[in-house]
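sequence unknown, structure follows:
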């Protein structure tokens, strides 16, 4: 028995991906969950293209996580007893990570997740990453409170999933050039993932929760993949703390040149705090993720922190330091290096106290997040 989860932004890509997966697993049960307006959850179950079940229930609190916890988890729990392969099409915009953790909490050792698949239309990917609307405003979810953008959803799925299924919706004409460009972008954003076409033989990756969690950890920077022209990834390190005002001015320029930036910052106004930075399309935000490992005096220094990615231990600074990765097309590595290096504290500034520096991001608090738009 195997369990495969399929996440997506839209029902059309999801349906095509699930059909392709089912064709490779004769007799598998395909279960679709959908959350509609008013908290209505619709559950449909198919085998060999024949509908077996159509069920509905209404949630008291209509949100995506409740749909997963209160409907999807019990459904999978019941189906596990059948011993057949199960393919679950998650409600559009439900994060696979949410479903995985809910299943593990609710079912424990009874469930093993074999593969986690993102179904997407590659010709629409780049536009969706740069969409400044929320998921609700773009019509991908019935939940008005969901303030994620399509790009935020897709980028996290690309990091978390082990397989990307290229599933062009049948009702929408495909733009060939945009599709080729979208596939190249996927290879650059998710080099760990298996790429599978929904037409033809389907091969999926293998889910590893530890690896998936490491890739999605705030501040994580993985090794740069081989460039997938015209896209490339540039990774740059800065050893000393950043001057907060100089970095604030540089950030807009750094963000506008790429579709995805991520990393961790050592900022002079909050020197003991590990600041995660992420930019996806038009949105850029900073988050204080707590103290550096070297600042936790009650704990031993650890040079290989799980999930940290590209972690190095400096003889004087420990794990403190700045490392940022930029992914986009037509990136100028020298310009990126010059902009970040110019933010580094000088020898004279290194001798000043942290109170000497402004805190434009308001991040010298472990619970605060600063968000801004680069557009």
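That came through fine. All values reported here derive from a predicted model rather than from experimental measurement.

how near is residue 19 to residue 49?
Applying C-beta to C-beta, to the nearest Å, the value for residue 19 to residue 49 is 8 Å. All C-beta spots, glycine's among them, are computed from the backbone N, C-alpha and C.

more crowded one of those two?
Per other C-beta atoms under 10 Å, whichever of residue 19 and residue 49 has more neighbours is residue 19, with 16 against 9.

and the spatially most central residue of the chain, what is it in contact with?
The residue lying closest to the centre of the chain (C-alpha atoms, centre = their mean) is residue 156, at 1.0 Å. Contact analysis of residue 156 by C-beta atoms under 8 Å, 6 or more residues apart in numbering lists 95, 97, 216.

so which of the residues you listed belong to helices?
Among the contacts of residue 156, the members found in helices (DSSP state H) are 97, 216.

which of the contacts of residue 156 tops the neighbour count?
Neighbour max across those (other C-beta under 10 Å) = residue 95, 21 neighbours.

buried ones in stretch 324-343?
Judged by neighbour count (16 or more other C-beta atoms under 10 Å), stretch 324-343 contains these buried residues: 324, 325, 326, 327, 328, 329, 331, 336, 339, 340, 343.

what about the residues you listed, which are in strands?
Judged by DSSP state E, those include 324, 325, 326, 327, 328, 329 as members of strands.

please produce JSON lines containing these, extended by distance to residue 28.
Output for those, formatted as JSON lines (distance: C-beta to C-beta, whole Å):
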{"residue": "324", "distance to residue 28": "43"}
{"residue": "325", "distance to residue 28": "38"}
{"residue": "326", "distance to residue 28": "41"}
{"residue": "327", "distance to residue 28": "35"}
{"residue": "328", "distance to residue 28": "39"}
{"residue": "329", "distance to residue 28": "39"}
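
follow-up on the earlier one: just flag the most distant two among the buried residues of stretch 324-343.
The span of the buried residues of stretch 324-343, defined through C-beta to C-beta, is set by 329 and 343 at 24.2 Å.

sheet partners, orientation included, of the host helix or strand of residue 290?
Using DSSP states H and E, residue 290 sits in strand 283-291. Next to strand 283-291 in the sheet, as set by DSSP bridges, lie strand 273-280 (antiparallel), strand 369-373 (antiparallel).

mean pLDDT lowest for which of those?
Confidence, taken as mean pLDDT, is least for strand 369-373 of those (a mean of 46).

the helix or strand harbouring the residue nearest to the centre of the chain - what's its average pLDDT?
Residue 156 is located in helix 150-160, with elements delineated by DSSP H and E. Helix 150-160 shows a mean pLDDT of 97.

got the angle for that helix vs strand 283-291?
Counting by axes from the mean of the first three to the mean of the last three C-alpha atoms, to 10 degrees, helix 150-160 lies at 50 degrees to strand 283-291.

after helix 150-160, which helix or strand is next? Please name it.
strand 163-166.

quick one: list the elements packing against that following strand.
Contacts defined by 3 or more C-beta pairs under 8 Å, 6 or more residues apart in numbering; DSSP states H and E place strand 163-166 against helix 11-23, strand 115-120, helix 176-189, strand 194-197.

with distance to residue 2 and mean pLDDT as extra columns, can I get the ones you listed in a markdown table?
Converted to a markdown table, those look like this (distance: least, C-beta to C-beta, whole Å; pLDDT from 0 to 100):
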| stretch | distance to residue 2 | mean pLDDT |
| --- | --- | --- |
| helix 11-23 | 10 | 95 |
| strand 115-120 | 8 | 98 |
| helix 176-189 | 24 | 96 |
| strand 194-197 | 15 | 95 |
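
domains for the protein, by residue range?
3-216, 231-373 (automatic domain parsing).

coming back round to it: would you mark the buried spots in the strand holding residue 290?
Across strand 283-291, burial judged by 16+ other C-beta under 10 Å covers 283, 284, 285, 286, 287, 288, 289, 290.
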